[in-house]
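Participant: here is a sequence together with a model predicted from it:
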Amino acid sequence: MFPERFNAIRGLDPGVLCSLLARSSRMKSDPGSFSTILKGKTVLQFFVENSTRTRLSFESATRRLGGMSLAFSPSSSSLSKGETLADTVNVIRQYGVDGIVVRHRSMGAPDFLADATGLPVINAGDGAHEHPTQALLDAFTLGECWGVDFSKAGAFRNRKIMILGDLRHSRVARSNIHLLTALGAELHLCAPATLGIPDLGLFPRVHVHSFPDEGIPEMDAVMTLRLQTERQNQGVIPSLPEYREFWGLTVERAKRMKTDSVILHPGPVNRGVEIDSEVADSGRSLILKQVENGIFARMAVLASVVGRMDS
Amino acid sequence: MFPERFNAIRGLDPGVLCSLLARSSRMKSDPGSFSTILKGKTVLQFFVENSTRTRLSFESATRRLGGMSLAFSPSSSSLSKGETLADTVNVIRQYGVDGIVVRHRSMGAPDFLADATGLPVINAGDGAHEHPTQALLDAFTLGECWGVDFSKAGAFRNRKIMILGDLRHSRVARSNIHLLTALGAELHLCAPATLGIPDLGLFPRVHVHSFPDEGIPEMDAVMTLRLQTERQNQGVIPSLPEYREFWGLTVERAKRMKTDSVILHPGPVNRGVEIDSEVADSGRSLILKQVENGIFARMAVLASVVGRMDS
Amino acid sequence: MFPERFNAIRGLDPGVLCSLLARSSRMKSDPGSFSTILKGKTVLQFFVENSTRTRLSFESATRRLGGMSLAFSPSSSSLSKGETLADTVNVIRQYGVDGIVVRHRSMGAPDFLADATGLPVINAGDGAHEHPTQALLDAFTLGECWGVDFSKAGAFRNRKIMILGDLRHSRVARSNIHLLTALGAELHLCAPATLGIPDLGLFPRVHVHSFPDEGIPEMDAVMTLRLQTERQNQGVIPSLPEYREFWGLTVERAKRMKTDSVILHPGPVNRGVEIDSEVADSGRSLILKQVENGIFARMAVLASVVGRMDS
């Protein structure tokens, strides 16, 4: 039976991950067969940190499975009156909630909520910890592009993927490192020294670089991370133009990539900072495909965690 | 016929109140029988003052009766462009509204809206005046706990209930004073001298105390009120720790209560101020039961006021 | 076939405008016949500028045609994280959107979005450019009041209409100038010299005045515009009381109007500034009728642009 929470890629069995990816694919090819899985169920969309894209994606996924969403808006809530997180959620669950999708600035908040409420919980991003459905949609998008069969182990064997940018603050990167290595890919992590993660080189099949230029011509995919432009004033990068020059996915760098290689970005994009506009809009960019596939990956997770659907 | 507004407990016939409480009970035991009472009807949730719990409770109650909610969010509205309240509501009603649930910082706003629009109105809290559905759910929760029959007069006769805290600013307390005395309870009101209500001692069966310690061992129920922590800077209480020491429902005070007595709090709770965490989470705390029952009490009111259901 | 965007009155064929007005009338007299035109369709309500009345009006119109709304709230969105407008909308459309209603502070944003997405777009107000559904509802309300037949050309021939107030910043005025002249009305535009639009006198059947007093006794209708009270501090009007004295629709000025003449205002109203309370609430005021008719005018536009309904 699928666990009642989906809060981290780390620690999940590769078989479970592959079955979620295979199901995402079926959700996309045959959406009509899944339209009643959440019938009569209500999912609390508990976004304490602002987000439009991820919230709309989960709400859309919930609706396509036949479920209803109950949106929680932090600004107008009793959280701002000093109520504890557990009290807030225990109050809300009285309104009839069958599962919680949670985004929170604190790492571990989703597990805390699952423990405090006993309800099924899905992590939609917790601090700099994990963002597991984003990794799922990234892997699903790559697999679809490469035509792999997720029901077989090691689907990404012999694939070289670079994750480029502010690794230290990126929950997207953390979830992807666990998922992509579980699928057998060879990972190349590249960040400014001030924005890296120590000890990543100890992982099998993970290589660490300070600059992207040496590795980029060998990659099958490059995933650029969003740079929070506030970092400019925190002494971790010299300036936005210099960040672009050394770590940005510029037109020049993209030209040095293999012809059939692809580019991902979790969005929202800072055009001209971590990626050039021409690259983001080029034929090898999977950015909009990622957004589209996000709905199917989230449908697959919601079906398991809230709908208790067997694989 | 039930009146077309439910804006205050004060002035309502005890028979009407008892029939609402009896119906709340039926709403809880047999929810399926009431699922079409608001079919095709739209309820405007007009919350000019921020609130999550009460708004979600009313929206949930509306949905369970088969109705739809139209949410009004003040921050993005023309109220902030200087439009009058009556103009705003007269505009909104053109969109097809069968009733209004209103929360407003000004006392009397619900009656004003009912007069201005001619629509059925339910008060969800107006300034420091009344919060009548909160009192209803409190009484329903106590009655359920005590196994009383609301169809008989004087259901709370011989019950001693203390309301403890900032009475002066509490609409919850005002509504409860009227409802609990109408049900025949003996009330003990206890507030710091700076936060009391003058002349309450003139009511029959109402006793006034400056400190809780003397009365607490005789109570069947203690309802603690939320302290707005901003009061600390307004010269009405010495400090939060001192408030807790003299008027808080601490572990020590709770130990001195009768074994089968119960504790209520309208939420959100300031743990360690007006109530200790151990007390709020103890077996005698009805706090989560209050939230759950709030939906049924509000269904009962919506059914009468908007659904025009006969008792 | 109706165009896939409705972003401006200017440039539209008078026949198209008349057929929209005639259909608004049928939407009002026979609402049941149109309740499935948007069945299964989702309309993105993309309001980057705050608005309650127009947003609720479009949401209500969408619902009455059987469609669903997806609301976009700018404050919690990735627009505030520096994402471009086109990226934001391209992301949102992945969630399944059949049309966009857009309000934006920049002129031209609706056309930009229609070009960028290829989706049907309706302008709900763009900067100081146009607000075409407002003009439609204004003309519909006047025509209903006068009993005209919109299926005949020149429905407003021999009607004299004054638009009074801050013309320069008014998208409502711009849309109405194009629509009312297309219907054959004689327009009298009146604004303080600092708030006028140059060269309007070159239009056929358009007269320009600096003060309203001379023309007002001959008008069949006076449409007063909202004055943004912030203008007081921008050096374009002497003061709010002086604005009222010279350009406000006061009780005195209203008395000098023809007995059967009527008054319009797009709302929200600044009572005592551009219009006196007694005038706004008088029998000749069509203000609430405008709000009500807004739903039918928007249903007519949504049915054409998103529902692809033939006239």
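Facilitator: Received it, and whenever you're ready, just let me know what you need.
Participant: can we go C-alpha only for contacts and neighbour counts from here?
Facilitator: Noted.
Participant: all strands of the stretch 201-311 of chain A, in order?
Facilitator: Along the stretch 201-311 of chain A, the stretches classed as strands by DSSP state E, counting those that start in this stretch are A:206-209, A:221-224, A:262-264.
Participant: what helices or strands is the last one leaning on?
Facilitator: In terms of contacts (3 or more CA pairs under 8 Å, 6 or more residues apart in numbering or on different chains; DSSP states H and E), strand A:262-264 is packed against strand A:221-224, helix A:287-305.
Participant: before we move on, what about the first one?
Facilitator: For strand A:206-209, the helices and strands in contact under the criterion 3+ CA pairs under 8 Å, 6+ apart are strand A:186-190.
Participant: run me through the strand neighbours of the strand it packs on, direction for each.
Facilitator: Next to strand A:186-190 in the sheet, as set by DSSP bridges, lie strand A:160-164 (parallel), strand A:206-209 (parallel).
Participant: mean neighbour count, those: which tops it?
Facilitator: By mean neighbour count, with neighbours taken as mean count of other CA atoms under 10 Å in any protein chain shown, strand A:160-164 ranks first of the strands paired with strand A:186-190 at a mean of 25.
Participant: could you export it as PDB, CA atoms only?
Facilitator: The C-alpha atoms that make up strand A:160-164 are tabulated as PDB, following Å, rounded to 0.1, in the frame of the first residue of the first chain:
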ATOM      1  CA  LYS A 160      24.100  12.700 -18.100                       C
ATOM      2  CA  ILE A 161      22.200  15.600 -16.400                       C
ATOM      3  CA  MET A 162      23.600  18.800 -15.100                       C
ATOM      4  CA  ILE A 163      21.800  20.800 -12.300                       C
ATOM      5  CA  LEU A 164      23.100  24.300 -12.500                       C
END
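Participant: can you redo the strands paired with strand A:186-190 as a markdown table with distance to C:Gln232 and mean pLDDT?
Facilitator: Below are these laid out as a markdown table (distance: least, CA to CA, whole Å; pLDDT from 0 to 100):
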| stretch | distance to C:Gln232 | mean pLDDT |
| --- | --- | --- |
| strand A:160-164 | 52 | 98 |
| strand A:206-209 | 59 | 93 |
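Participant: select, out of these, the one closest to C:Leu142.
Facilitator: With CA to CA, the closest approach to C:Leu142 among the strands paired with strand A:186-190 belongs to strand A:160-164: 61.2 Å.
Participant: if we look at the closest one, which residues are touching it?
Facilitator: The set of residues external to strand A:160-164 that reach it, using CA atoms under 8 Å, 6 or more residues apart in numbering or on different chains, is A:173, A:185-191, A:212, A:216, A:218-225, A:247.
Participant: filter the residues you listed down to the buried ones, ChimeraX style.
Facilitator: Buried subset of those, written as a ChimeraX selection, criterion 16 or more other CA atoms under 10 Å in any protein chain shown:
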select /A:173,185,186,187,188,189,190,191,212,216,219,220,221,222,223,224,225,247
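Participant: quickly note the distance from the closest residue to chain C within the stretch 51-200 of chain A to C:Gln228.
Facilitator: In the stretch 51-200 of chain A, the residue that lies nearest chain C is A:Thr52 (4.8 Å; CA to the nearest CA). When CA to CA, to the nearest Å is applied, the distance between A:Thr52 and C:Gln228 equals 31 Å.
Participant: among the two, which residue is more densely surrounded?
Facilitator: More crowded of A:Thr52 and C:Gln228, by other CA atoms under 10 Å in any protein chain shown: A:Thr52, with 19 against 14.
Participant: so which bits of the stretch 51-200 of chain A are right by chain C?
Facilitator: Residues of the stretch 51-200 of chain A lying close to chain C (CA under 8 Å from any CA of the partner chain) are A:51-53, A:56-57, A:60.
Participant: so which of the residues you listed wins on neighbours?
Facilitator: Going through those with other CA under 10 Å as the criterion, the one with the most neighbours is A:Ser57, at 25 neighbours.
Participant: quick one: secondary structure of A:Asn123?
Facilitator: The local conformation at A:Asn123, judged by DSSP: H, G, I helix; E, B strand; the rest coil, is strand.
Participant: residue contacts, the nearest residue to it once chain neighbours are set aside?
Facilitator: The shortest distance from A:Asn123 to any residue that is not its chain neighbour, by CA to CA, 6 or more residues apart in numbering or on different chains, is 4.6 Å, and that residue is A:Asn7. A:Asn7 is in contact with A:110-111, A:121-123, A:130-132, counting by CA under 8 Å, 6+ apart.
Participant: just the buried ones from these, in ChimeraX syntax?
Facilitator: With 16+ other CA under 10 Å as the burial test, the buried ones among the contacts of A:Asn7 are selected in ChimeraX as follows:
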select /A:110,111,121,122,123,130,131,132
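Participant: circling back: now, among the residues of the stretch 51-200 of chain A next to chain C, which is nearest to chain B?
Facilitator: Here the nearest of those to chain B, counting by CA to the nearest CA, is A:Thr52; it sits at 17.0 Å.
Participant: any idea how far B:Met299 is from that closest one?
Facilitator: 32 Å.
Participant: on the three-state scheme, A:Val43 is what?
Facilitator: Under three-state DSSP, the three-state class of A:Val43 is strand.
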